[in-house]
Structures are given as structure tokens and as C-alpha cells.
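>>> Provided below for reference: sequence and predicted model.
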2 protein chains.
Amino acid sequence: MFTDRFLRDKRGAALEPDERAAIEAAVSEIRDIAARTTIVRAGQPLRHSTLLVEGIMSRYIDDREGVRQLAAVHFPGDFVDLHGFPLKVLEHDVQTTTSVRVAIVPHVALEQILAERPQLIRKLWFATLIDAAVHRAWLFRLGRLDAVGRVAHFLCETNARLVAAGLSDGHRFNLALTQTDLAEICGLTNVHVNRVMRQLREDRLCVFRSSIVEIPDPERLAVRGQFNPDYLYLEHPEPVMSPVEVP
Amino acid sequence: MFTDRFLRDKRGAALEPDERAAIEAAVSEIRDIAARTTIVRAGQPLRHSTLLVEGIMSRYIDDREGVRQLAAVHFPGDFVDLHGFPLKVLEHDVQTTTSVRVAIVPHVALEQILAERPQLIRKLWFATLIDAAVHRAWLFRLGRLDAVGRVAHFLCETNARLVAAGLSDGHRFNLALTQTDLAEICGLTNVHVNRVMRQLREDRLCVFRSSIVEIPDPERLAVRGQFNPDYLYLEHPEPVMSPVEVP
DNA sequence: CAATCGTATCAACGCAGGTTAGTTTCTCTG
DNA sequence: CAGAGAAACTAACCTGCGTTGATACGATTG
């Protein structure tokens, strides 16, 4: 149900059926939320965490002028603000990007199931550490890649994650992000993202139109974005190397 | 002893004396390591984690051409590769930056003390989540600040962390990083870091000479780097706002 | 003390990406 | 199906940072 995709295909951390059931039982409420709604503000004490069931959410930090840098994008199956469970308060904002359906898990309920199942805490810890590993990959992206590389890297990451979640076939997936969203992810302006998308199109690396991403040759896109999926800790990563082609 | 600075001044996560003693007892060895030595390589299975006692270490991701992006800098008191405990394998490299003294904590010993003290795991989890929060702040730095802002932001962060560790008085501290290190932290070239340092000097924001950082007015530097220390989760943050000035 | 190597420094030049200011296309709603 | 508002797209101009290459400094070592 709600937790079907949580930790799915994560190396050595996939949930046992009883663990899954326990988390499902801890869900207090299913909520549908409109796009572009802020659900957590920095500094606000948290009493529950949010499991994303459908849609896209993001976490970001604003600068003084309201220019925003995304720190994470979340897809179905992600436990969006699980960090808030040990931290009690987050230092960043969390917003819905599309309209979403989420499952609310009160922290008291989490405490309860963890008391009964001490090993489960390792998997939750693991889940938050994957977020941290993704943050590091994003640091690499921002610090060392040019604009085309950044977008390519992000699209490779998204493809790999959506494949793991069963939401991409490896070449084509639905992604309801605007070019401005991409700009806030990649540390660029929306104008320049537009130029980059054209470039990717012309180079036959990727076509992104009306919320559909098509990647004819994932391997080539991965090379362009210097993408290496190790940081996603997937059990069955899409092979980055495509089958050898006969010349 | 070795753990004196671990989680020191961290909001609601400071160690109890018995927890501290347990971790000390879990230390299998103290090791002195030369500068610029790689101690963990991406993909290599880990059997222990490393508590930094003295010196500076860093975690980084290399690109194809060997250009490196740092993802974290660690100071005394940091549990450098604690992420490797739940993850089993890291996706990045860890290197000494200066010569260091470290305490080695075998994972089996950690397992043991956690079995006896189930609450301690929350504090270790917390410690890794602060690393993640710092990653996010670094994403903001790389994505939204200009070169001067990035260096200013990093120096503010470092000052705040070293104050918490008892290694800065808030205006002056020792920092054995080269301009090339700063470049790898801030996503710049060493040449441009040099220009930035001159700028900071001319603007009386910061002087960095022979491993000493001097910050005459931390508040002004924080404004230039849009630095807000919330993400460090300090119990007693240095006041960022200086007393209200009479116009 | 000389030699060496890492680090800092500086200048000249070029370009990737930002900025501004649009126009066009798409999508939703009444 | 008209109208409005987002989103996509474009062009012209400008600047911050990268690149290259050369010099100066300072610490270590023989």
C-alpha cells in the first residue's frame, strides 16, 4: 500500500512484511495536498513525518532575495521529512511540487513501533543516510559540472530512482517539473536551463516535452553528466553500460 | 578524552558520561596518520569508523579528470565516517587533509555498546543527520552564492563549528587549509580563491594568512555569506546578530 | 647556505552563464 | 471557445569566473 515503494530495491535495507505492516499501521491519515504548498517550515517543531505516496515534493533553502536552492527532490516511496524525526526541527522548508498524496506518520506512533522492533531503526537510519549520499552527489553536480552536465546528471539520477520505484522503464518517464524547477535544482537560471534543454535535444541526449522525459541512450547521457549510480545504494541498478553495440 | 568534543554543544544530543565512557571503551586503537592520506575509498567495505581527535579530514568525490569536490570537512570531535556504519560501504573517499590523530572504533564494538544502550543509537543517528544538514547548507552555498559569498559562508561555518569545539574564540582560529583546498570546497579554482581572499582582505571582512583566520566582524562576514547557523543545531550558537546599533 | 617544492600571487584573455526584456505556446477555466 | 495565466522559448548584452602562464614567496631539506 502506502509503503510499497519505501526502501524498495535498496541494498540490504528492504523492509520485511511485518515491518511494512507496522509502518502502514502507524499511518494516521492520508492527505491530498495541492501543488506548491509548503508543508514544513524551517524552525517549526515537527510531530509527524510524511511518506510520499503520489506526486513530487522538494526540500529547499531560500536566500535573502527569495531565490531558492533545492536540496532534494522526492518521488513516491520517499519518506520525505524523516530527518525531522531525530532532529525534531528542520532547518529547511518542504514543499509540494505537484499535487500529492501523502501518508502522515506521527512520531509517537513511530516511537511505538520502534520500541517493539529495535532493528527497524537501522533501516530508517539507512534511509536518511541515502538522502545524505544524494546530497553529496548534488554537491558534486553543482561544484564540478557545467550546465549541460548538471541537467544530464539530474536526469540520470531521476531515471535511476524512478526505475527502482517502478515508475520508469529506463528510457521514458513522467516528470512534472518545470524548467524553473530544474533551474532551482541545478543552480542555474530558468533561461539557461532552456538553452540546456535545446542543447540536449540537438545532441539527441534527451527530449523533455510536456512532462515526459525521453532518453534514447541512457549510457551516453550518463557519460555527459558523469553519472555513477553507486550513491543510490540500489540492489539492482540499471546497468549503466548498455549492451555492446554491433558497429 | 577522545570523545570530549563529539556531539559537544549539539542541541539535545550531548552525550551522557556513561555513553561517553562506553564509546571511549569501544576505541580499539589511536592512530597518527600523515597529511593527504586516503583512509577510505569508495566501494570498499568498512569494519570500523573513525573519530577525529586532532587535525582536519575531508570527504570528497572525484570527477573523471581527477578534479575533486569536497562534500565535507571534519574537525576534532567529528565522527568522520560514521555514515559507513549503517551503510557498510561509502560512495565517496575520505582523506586526511593535515596530519591527524584518530580513534578507531570497530563496528562490532559499536554494535555491542548499542545493544546495551538502545538510546545511544538516536544520538549517533542525530550526528549523521547534522552532516546531512551541513551538506544542504553547502548545496545552498554552491548553488546560490557568488565566489566571495561562498568563501565567506564557509569561513562563518568553520568559525561557528570551531567555537563549539572550543577551537576558536569567535574572531580568530587556526585553519591549516590551502587555497586549493578552499577551491575544492567552494567549487572554484585556486586562482579565483586567491582573488576572493584579496577581496575579503580589502573589504576588511577576513584575513587568512599562514593558517590563521581572523574575522574582525563576524556579523558582517555572515551577511556577506548569507550565513545562518541554524543548520549546525548548536545549543549555544554564537549570536549572529550583533547588538542593535544606534544610528 | 643553496636547492627545491609547495603555495600564494598576478595579469591577460575568453567564454559560460546571468540579466533583461521580450514573444510564443500551452493549459486551464468560465 | 474566448480569455488569462503559466510555462516555454528567444535574442542581445554583459560579467564573473576559468584558463594559461609566469613570478614571488616561504618552508623544508641536504
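Structure's in. What do you need? Because the structure is predicted, anything quoted here is derived from the model rather than measured.

>>> give me the neighbour count for A:His153.
Around A:His153 there are 25 other residues, counting by other Cβ atoms under 10 Å in any protein chain shown. (Each C-beta comes from the backbone N, C-alpha and C, glycine too.)

>>> would it count as being in a helix?
Yes: per DSSP: H, G, I helix; E, B strand; the rest coil, A:His153 lies within a helix segment.

>>> which residue, other than its chain neighbours, is closest to it?
A:Gly225 (3.4 Å; Cβ to Cβ, 6 or more residues apart in numbering or on different chains).

>>> which pLDDT value goes with that neighbour?
In the prediction, the pLDDT value recorded for A:Gly225 is 96.

>>> verify the stated contact: it with A:Leu145.
Yes: with the criterion set as Cβ atoms under 8 Å, A:Gly225 and A:Leu145 qualify as a contacting pair; they are 6.8 Å apart.

>>> give me the common contacts of those two.
Between them, A:Gly225 and A:Leu145 share the neighbouring residues A:His153, with contact defined by Cβ atoms under 8 Å, 6 or more residues apart in numbering or on different chains.

>>> quick check, stretch A:45-61 touching DNA strand D?
No: Stretch A:45-61 stays out of contact with DNA strand D when judged by Cβ under 7 Å from any atom of the strand, the minimum separation being 12.4 Å.

>>> so for that stretch, mean pLDDT?
If you average the pLDDT values across stretch A:45-61, you get 97.

>>> ok, now stretch A:138-146?
97.

>>> now swap in stretch A:89-107 and tell me
In this model, stretch A:89-107 has a mean pLDDT of 96.

>>> so what's the residue nearest the centre of chain A up against?
Nearest residue to the geometric centre of chain A (Cα atoms, centre = their mean): A:His74, 3.3 Å. Shown in contact with A:His74 (Cβ under 8 Å, 6+ apart): A:52, A:56-59, A:80.

>>> how about the residues of chain A by DNA strand C?
Contacts of chain A with DNA strand C, taken as Cβ under 7 Å from any atom of the strand, map to A:146-148, A:187-189, A:191-192, A:210.

>>> so which of the residues you listed is the most crowded?
A:Gly187 (22 neighbours).

>>> thought that residue was touching A:Gln69?
Yes: A:Gly187 is within contact range of A:Gln69, at 6.6 Å (criterion: Cβ under 8 Å).

>>> so what's in contact with these two at the same time?
The contact sets of A:Gly187 and A:Gln69 overlap at B:143-144 (Cβ under 8 Å, 6+ apart).

>>> from the residues of chain A next to DNA strand C, which are also near chain B?
Counting by Cβ under 8 Å from any Cβ of the partner chain, the subset of the residues of chain A next to DNA strand C that neighbours chain B consists of A:Gly187.

>>> filter the residues of chain A next to DNA strand C down to the ones near DNA strand D?
Restricting those to those adjacent to DNA strand D (criterion: Cβ under 7 Å from any atom of the strand) gives A:Val191.

>>> for chain B, state which of the residues of chain A next to DNA strand C is nearest.
A:Gly187 (3.3 Å; Cβ to the nearest Cβ).

>>> skipping adjacent residues, who's closest to the closest one in space?
B:Gly143 (3.3 Å).

>>> for that neighbour, give me its contacts.
A:69, A:142, A:186-187.

>>> could you tell me which helix of chain A is the longest one?
Ordering each helix of chain A by length in residues (DSSP state H) puts helix A:120-144 first.

>>> ranges for the strands of chain A?
If DSSP state E is used as the criterion, the strands of chain A fall at A:29-33, A:38-40, A:48-54, A:57-62, A:68-74, A:93-96, A:100-106, A:172-174, A:207-209, A:212-214.

>>> in its sheet, what does the first one sit against?
Sheet partners assigned to strand A:29-33 using DSSP bridges are listed as strand A:100-106 (antiparallel).

>>> the partner strand close to DNA strand D?
No: for strand A:100-106 and DNA strand D, the contact criterion (Cβ under 7 Å from any atom of the strand) is not met; the two come no nearer than 14.9 Å.

>>> and the angle from that strand to strand A:48-54?
If you take axes from the mean of the first three to the mean of the last three Cα atoms, to 10 degrees, strand A:100-106 sits at 150 degrees to strand A:48-54.

>>> low-confidence stretches in chain A?
For chain A, residues meeting the criterion pLDDT under 70 lie at A:238-247.

>>> tell me the residues of it that contact DNA strand D?
So chain A meets DNA strand D at A:178-180, A:190-191, A:194-195, A:197-198, A:209 (Cβ under 7 Å from any atom of the strand).

>>> the residue nearest to A:Ser168 when sequence neighbours are not counted: neighbour count?
With Cβ to Cβ, 6+ apart as the criterion, A:Ser168 has its nearest non-adjacent residue at 3.6 Å, and that residue is A:Leu162. The number of residues packed near A:Leu162 is 20, by other Cβ under 10 Å.

>>> any idea how far A:Leu162 lies from chain B?
When distances are taken as Cβ to the nearest Cβ, to the nearest Å, A:Leu162 and chain B turn out to be 20 Å apart.

>>> hmm, A:Pro76 and that residue touching each other?
No: if you go by Cβ under 8 Å, A:Leu162 and A:Pro76 don't touch, sitting 9.0 Å apart.

>>> that older thread, intersect the contacts of A:His74 with the contacts of chain B.
Of the residues in those, proximity to chain B by Cβ under 8 Å from any Cβ holds for A:Arg59.

>>> neighbour-wise, which one of the contacts of A:His74 leads?
Looking at the contacts of A:His74 with neighbours defined as other Cβ under 10 Å, the largest count falls to A:Met57 at 25 neighbours.

>>> I figured it hits A:Val80, correct?
Yes: under the criterion of Cβ under 8 Å, A:Met57 is in contact with A:Val80, at a separation of 5.3 Å.

>>> joint contacts of those two?
Residues touching both A:Met57 and A:Val80 (Cβ under 8 Å, 6+ apart): A:50, A:74, A:94, A:102.

>>> closest to DNA strand C out of these?
Closest to DNA strand C out of those is A:Val102 (20.8 Å), distances taken as Cβ to the nearest atom of the strand.

>>> ok, the closest one - contacts?
Contact partners of A:Val102, counting by Cβ under 8 Å, 6+ apart, are A:30-31, A:33, A:39, A:50-53, A:57, A:80.

>>> which of the residues of chain A next to DNA strand C lies closest to A:Gln44?
A:Gly187 (26.1 Å; Cβ to Cβ).

>>> distance check, A:Gln119 against A:Pro17.
From A:Gln119 over to A:Pro17 the distance is 14 Å, taken as Cβ to Cβ, to the nearest Å.

>>> grab the nearest non-local neighbour of A:His48.
A:Pro106 is the one closest to A:His48 (Cβ to Cβ, 6+ apart), at 4.5 Å.

>>> how close does the one you found sit to A:Ala152?
When Cβ to Cβ is the yardstick, A:Pro106 and A:Ala152 sit 40 Å from each other.

>>> domain ranges for chain A?
What automatic domain parsing lists as the domains of chain A is A:17-131, A:145-232.

>>> quick one: which of these is nearest B:Ala115?
For the domains of chain A, proximity to B:Ala115 was assessed by Cβ to Cβ; domain A:17-131 is nearest, at 9.0 Å.
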